[in-house]
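> Mind folding the following:
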Amino acid sequence: MPQATTEWPQAAIAECVSAVVRSRRSVRAFRPPPLRRQLVEEILDDAASAPSGANIQPWRVYVVSGAAKDELADALVAASRAGRAPPPAHFPEPLPDVYRARMIDFGTRYYASLGIARDDATARARQTERNFSFFGAPVGLIFTIDRRLKPHSWIDLGLFAQCVMIAAKARGVDTCPQVSFAPFHDVLAARLHMPPEEMTAFGMSMGYGDPEARVNRTRMPRALVADFAQFQGFPA
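This is a model prediction of the structure:
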């Protein structure tokens, strides 16, 4: 991002960044055009500027495309159908009411955008499997972290991932972060030759979103600042 100058005043930079951040969406339907390796490297290079505690930079990324991506997707789908992964544990049970309400609202909007009925378990399972083919995106990323680190370092990984998505969107490239890969660490570790100290955190689809897909046009509501932020010490 350029420094503020007479050509790039601070207000213009802020407006540009705001537009990129607000236009980012989790895209679940992609067009076929591939991404050049150089473009993906540029995105990751920008994201590497993300902060981390004591600058330990705990993130690792495995980037797959072409036949490598397809073979990985086939292995994941096969493992999913064979029940070769523990049940997902992304959220605690019971989930507090405020979060459960948002989760239910997400599911309602998401499956409605796909034309999948609430009680159609077969169609829902088929859509879940699309996670493992990266929703048809030309590039898939698997993010890992050293399992010996403490939870605070996961914040660093999240900051890095957000920078990946923003750097991608600034270049017209869409993404979708996906925790659905986490239960399949054993499959991923074997296929991607991960060292034993690494653990899978999540995956991400990357490519050019299909603007005609209804699922990509569905907007998820966001809480207002007043709903999640408390301000103290400011003048009235």
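> Please count neighbours and contacts with C-alpha atoms only from this point.
Will do.
> tell me, what residue is most central in the chain?
In the chain, the centroid-proximal residue (C-alpha atoms, centre = their mean) is P177; its distance is 1.2 Å.
> Look at that residue and give its secondary structure.
What DSSP: H, G, I helix; E, B strand; the rest coil gives for P177 is strand.
> can you pull the contacts of it?
Counting by C-alpha atoms under 8 Å, 6 or more residues apart in numbering, P177 touches 26, 202-205.
> again, only using 7 Å
26, 203-205 (C-alpha atoms under 7 Å, 6 or more residues apart in numbering).
> what's the answer for P32, then?
Counting by C-alpha under 7 Å, 6+ apart, P32 has contacts P138.
> separation between it and D210?
9 Å (C-alpha to C-alpha, to the nearest Å).
> do I145 as well
31 Å.
> Between the two, point out the one with more neighbours.
I145 (21 against 17; other C-alpha atoms under 10 Å).
> Let me see the ranges of the helices in the chain.
10-23, 37-47, 66-81, 97-113, 121-129, 152-170, 185-192, 214-217, 225-228 (DSSP state H).
> avg pLDDT for the third one?
Spelled out, it's helix 66-81. Mean pLDDT, helix 66-81: 96.
> May I see the buried residues of it?
69-70, 72-73, 75-77, 80 (16 or more other C-alpha atoms under 10 Å).
> Out of those, flag the one nearest to F91.
S80 (19.4 Å; C-alpha to C-alpha).
> quick one: the residue lying closest to the closest one once chain neighbours are set aside from A189, how far?
Once flanking residues are discounted, S80 sits nearest to E129: 7.7 Å by C-alpha to C-alpha, 6 or more residues apart in numbering. Separation of E129 from A189 (C-alpha to C-alpha): 19 Å.
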